[in-house]
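**Q** Sequence below, structure please.
(2 chains)
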Amino acid sequence: DAGVIQSPRHEVTEMGQEVTLRCKPISGHDYLFWYRQTMMRGLELLIYFNNNVPIDDSGMPEDRFSAKMPNASFSTLKIQPSEPRDSAVYFCASSQDSGTLNQPQHFGDGTRLSIL
Amino acid sequence: AQSVTQLDSQVPVFEEAPVELRCNYSSSVSVYLFWYVQYPNQGLQLLLKYLSGSTLVKGINGFEAEFNKSQTSFHLRKPSVHISDTAEYFCAVTLVTDSWGKLQFGAGTQVVVTP
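**A** Numbers count the residues shown, from 1 in each chain, chains lettered A, B, ... in the order given. Here you go, the predicted model:
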């Protein structure tokens, strides 16, 4: 049973470049989450989707960040233009909609992003 | 809004010794509680969860946690750690009304196991 798959695992790019992070959730999961992890701020929820629709993007730091989910098996997080302070590990997670009982989130291995 | 406090940022422990990681939460409504583990260069994995029922919850890798509603705590324990338990551990909470699992994470506790 494949877990959440993220690509690339590592990304190094120069300031000002566009960065696209990709995520494939677990099949059958209705919710998809994007997190950012830094030493200073810990794990922050950036945005989440339900059935491919963005529900809450209040955690997105600024307009340079955007996320899409064109179908149930794929999501992207884009940063344009990128800045050094965007350097972090970005995680994607997915979970089922049980309707009645909380279901745990399953995390990918993350994308380690370095903006020079 | 709910919040989670992990009281220790780092816990050094010798191999085969017991370990306890402390977690306290704050919420005006009922919550579900989780512990996740993050091994180096990996994503978070669920260790255990408390949803309802028995307040003592057993998880994977020999870990257990006890929910204490009066003290609003959910401390994680393992009676005998291995070198492979070296990792960062995150306590998380979600509202019972959020069935889809929007999590509020604590800051994490780094466990370093030495021989």
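**Q** Any regions of the chain where pLDDT drops low?
**A** Since no chain was named, I'll use chain A. Low-confidence segments of chain A, defined by pLDDT under 70: A:1, A:98-102.
**Q** wrong one, I was asking about chain B
**A** Filtered on pLDDT under 70, chain B yields the residue ranges B:98-101.
**Q** and the residue of it nearest chain A?
**A** Here chain B gets closest to chain A at one residue, residue B:43, 3.4 Å apart by C-beta to the nearest C-beta. C-beta here means a position set from N, CA and C on the backbone, and glycine is covered the same way.
**Q** Which parts of the chain are strands?
**A** You didn't pick a chain, so chain A it is. Remark: strands assigned in chain A by DSSP state E are A:5-7, A:10-13, A:19-24, A:31-38, A:42-50, A:53-56, A:65-71, A:74-79, A:88-95, A:106-107, A:111-115.
**Q** Not quite, go with chain B.
**A** Secondary structure of chain B (DSSP E): strands located at B:3-6, B:10-14, B:19-21, B:23-26, B:31-38, B:44-50, B:56-58, B:64-68, B:73-78, B:87-95, B:104-105, B:109-114.
**Q** For residue A:97, find the nearest of the ones you listed.
**A** Among the strands of chain B, the nearest to residue A:97 by C-beta to C-beta is strand B:87-95 (13.5 Å).
**Q** Which residues does that closest one contact?
**A** By C-beta atoms under 8 Å, 6 or more residues apart in numbering or on different chains, the residues outside strand B:87-95 that reach it are A:43, A:102, B:2-4, B:6, B:21, B:23, B:25, B:27, B:29-40, B:44, B:47, B:74, B:76, B:101-106, B:108-111.
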